[in-house]
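Asker: Structural data only, the sequence is not supplied:
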C-alpha cells in the first residue's frame, strides 16, 4: 500500500486521521495494523500515541506546534508495545510468567531510566489498546511442530475421510469437579472479604463427554476414575445413541490407548462403526470438549454451595442436560481461536 504523507494533509484532515488512528488502537487493534490500514508509517502512529498520552485528544490537533517532548516518545512506546505483546517476562529476565504493571514499570525504568507508577503503566497499556486478560496456559512439553502438523495435515485428512464415509466427528474428554471448587465474584464491603458458608468435607465427581461440531453433546457421570472399562462403557453408549459411523478424537490418556479399548474397537460389531484418533500430546486447547468442563465448573458447580455427593451429582447432571439442549452454545465451543479449525 502506498504510504500517505501526513505532512501534505490540511490541518483538519490530519487531526481527524490522528483521532481515527488512536480510536482504533484503543478499540484493541494493533498500532501497526492500524498504520497499514491508514497507509501511514509505523513510527508515525507511535508518535501520535505519545502525543495523546501526554496531552489527550487536544494534543492531536495538527495546528498545535512545539511544546515539551513527552517523557516516553513514539520509539519508546513502540518498544514497550512489542515487548509486552511479543515476549514473556522470563525472556526479559523476570522470574515470573505473567506481565504485571509493577513488572512493566521496572522494565521501563531499566530500559529508559524513567520512573512510572503502576497506575500510570495501566493507563499507558490501555492507551496502547492492551487490557488485563486471563492467559491460556500451555504445557512447555508441547511440540509446536506436532500441533502444526495436526492442524495443517492430520485433521484435514480426518475431516475428509469422515465426509467420504459419512461419519460424525466427536471430540471426547474426561474431567473431575471438586466440592471445594468455586468461581466468580460477589459484592461486599470494601476491605472485608465476603465469606460463603459451605461444607468442610471434600469429595468429587468424575465425568466423560463428547461434543460434535453440530452441537451434539453426550456425557456420562461415574463415581470412580475414568479407566479403560469406564471409557468402553461410554463408547457403548455413544454407539447406541449415535447412528452410523463415529470418528472420536481424544487425547493420549492411558485409558484411551489401553489394550482393552483396542480389543473392543477391533471387535466385529464395532470396527466398522467407530474409529479413534489422537490429538497431539499436551494440547488440550485443541479439544472443543474442554469448554464443556470449563462451562460446568465456572457457570455451574463453581457458583453453587455443594453440601453432599448426591447433590453434586444432581447438579452436574442437571447442568450437563441443560447444556445438551443448548446446541448453539455447544457449537460455540468450536469457535474459540484454538478450536475453530474443527468447526
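Answerer: Cool, the structure landed. Please read all numbers here as calculations on a predicted model, not as lab measurements.

Asker: Next one: residue 323 from residue 116, what distance?
Answerer: Separation of residue 323 from residue 116 (CB to CB, to the nearest Å): 45 Å. The C-beta positions use only the backbone N, C-alpha and C, and glycine is treated the same way.

Asker: what does residue 218 give?
Answerer: Taking CB to CB, one finds residue 218 at 53 Å from residue 116.

Asker: mind listing what residue 13 touches?
Answerer: Residue 13 makes no contacts at all, as judged by CB atoms under 8 Å, 6 or more residues apart in numbering.

Asker: That one: helix or strand, and which one exactly?
Answerer: helix 11-26 (DSSP states H and E).

Asker: Would you mark the buried spots in stretch 108-125?
Answerer: 108, 112, 116, 120, 121, 122, 124, 125 (16 or more other CB atoms under 10 Å).

Asker: same check, this time on stretch 14-28
Answerer: 14, 15, 17, 18, 21, 22, 24, 25.

Asker: Tell me which residues touch the fourth one, please.
Answerer: Going by CB under 8 Å, 6+ apart, residue 18 touches 48, 51, 60, 62.

Asker: so the second one makes contact with residue 58?
Answerer: No - with contacts defined as CB atoms under 8 Å, residue 51 does not count as touching residue 58, sitting 9.6 Å away.

Asker: Residues touching stretch 55-66, excluding its own?
Answerer: 9, 11, 12, 14, 15, 18, 19, 22, 48, 51, 52, 67.

Asker: what does stretch 211-227 give?
Answerer: By CB under 8 Å, 6+ apart, the surrounding residues in contact with stretch 211-227 are 168-171, 174, 205-210, 230, 233-234, 237-238, 241-242, 255, 258, 288-289, 292, 313, 316-317, 320, 323-324, 327-331, 333-334, 342-343.

Asker: before we move on, what about stretch 19-36?
Answerer: 1, 37-38, 40-42, 44-46, 48-49, 52, 57, 60, 78, 81, 85, 126-129, 131.

Asker: Filter those down to the buried ones, PyMOL style.
Answerer: Buried residues among the contacts of stretch 19-36 (16+ other CB under 10 Å), as a PyMOL selection:
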select buried, resi 38+40+44+45+46+48+49+52+60+78+81+127+128+129
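
Asker: Helices - which of the contacts of stretch 19-36 land there?
Answerer: Here DSSP state H is the test, and those give 37-38, 42, 44-46, 48-49, 52, 78, 81, 85, 126-127 as lying in helices.
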